[in-house]
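> here is my input; please provide its structure:
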Amino acid sequence: MSKRELLNKELRNMYAINKQLRQYFDGREIAFLSEKLQLLLVNYLEFVCTCTKETTMVLEELEINPGSTSDSIVQEITENLSNITNQDIETSVKTLGYAMSLNRLMGYQIANLGNIEFLGTESNDLEFAGDLKNKLHLLSTKLFSGV
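Coordinates of the predicted model:
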């Protein structure tokens with residue numbers, strides 16, 4: 001496998017991550033979360049939409065078909081978010097568990113963006129990955145202040 005093939009794989013993976021997140025969070029019940037955490041989640045979803053747009057543009061420019069892949073790690077984390085949401089437990093514990101799973105999700109996405117940034121160092125067209133990685137890292141640092 002070449003460096004270019006690795007980059008293509010990471011870009012397709014980022015596309016899949018964002019697609020799954022948009023589908024998962026569409027219409028989800030988040031009323032049990034604190035107002036701060038709800039706002040942070042809204043900001044995160046705006047980030048996901050921006051990331052989708054940027055990734056799609058790069059895929060098109062590089063003529064890469066993202067296919068219909070899905071990411072098993074994102075699937076596992078979103079299933080965990082659903083389980084937390086459906087549990088009949090104290091709201092503060094539910095909120096903390098939800099925030100911890102969001103932290104895992106953001107960390108995974110930061111790692112994927114870091115991989116794209118690293119693999120794309122020879123191309124100025126992929127500077128978006130470093131910028132997005134930094135924005136998401138900043139957003140993730142605010143995560144537990146909303147709990």
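> going by C-alpha atoms from here, please, whenever you check contacts or count neighbours.
OK.
> quick one, helices of the protein?
All helices of the chain, identified by DSSP state H, fall at 3-25, 35-61, 72-86, 91-119, 127-141.
> what angle sits between the second one and helix 3-25?
Angle between the axes of helix 35-61 and helix 3-25 is 140 degrees (criterion: axes from the mean of the first three to the mean of the last three C-alpha atoms, to 10 degrees).
> packing partners of helix 35-61?
With contacts taken as 3 or more C-alpha pairs under 8 Å, 6 or more residues apart in numbering; DSSP states H and E, helix 35-61 sits against helix 3-25, helix 127-141.
> one more: the longest one?
Using 3+ C-alpha pairs under 8 Å, 6+ apart as the contact criterion, the secondary-structure elements in contact with helix 91-119 are helix 3-25, helix 72-86, helix 127-141.
> so which bits of that helix are buried?
Buried residues in helix 91-119, counted by 16 or more other C-alpha atoms under 10 Å: 94-107, 109-110, 112-117, 119.
> how about stretch 41-60?
Neighbour count says stretch 41-60 has 41, 44-45, 47-49, 51-52, 54-56, 58-59 buried, by 16+ other C-alpha under 10 Å.
> quick one: mean pLDDT for that stretch?
What stretch 41-60 shows for mean pLDDT is 93.
> and the residue nearest the centre of this protein?
Gln109 (4.6 Å; C-alpha atoms, centre = their mean).
> identify the residues contacting that residue.
Gln109 makes contact with 14, 17, according to C-alpha atoms under 8 Å, 6 or more residues apart in numbering.
> quick one: buried residues of stretch 68-79?
Buried, per 16+ other C-alpha under 10 Å, within stretch 68-79: 70-71, 74, 78.
> which residues sit against that stretch?
By C-alpha under 8 Å, 6+ apart, stretch 68-79 touches 12-13, 16-17, 20-21, 24, 101, 104-105.
> just the buried residues out of those, in ChimeraX syntax.
To isolate the buried members of the contacts of stretch 68-79 in ChimeraX, using 16+ other C-alpha under 10 Å:
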select :12,13,16,17,20,21,24,101,104,105
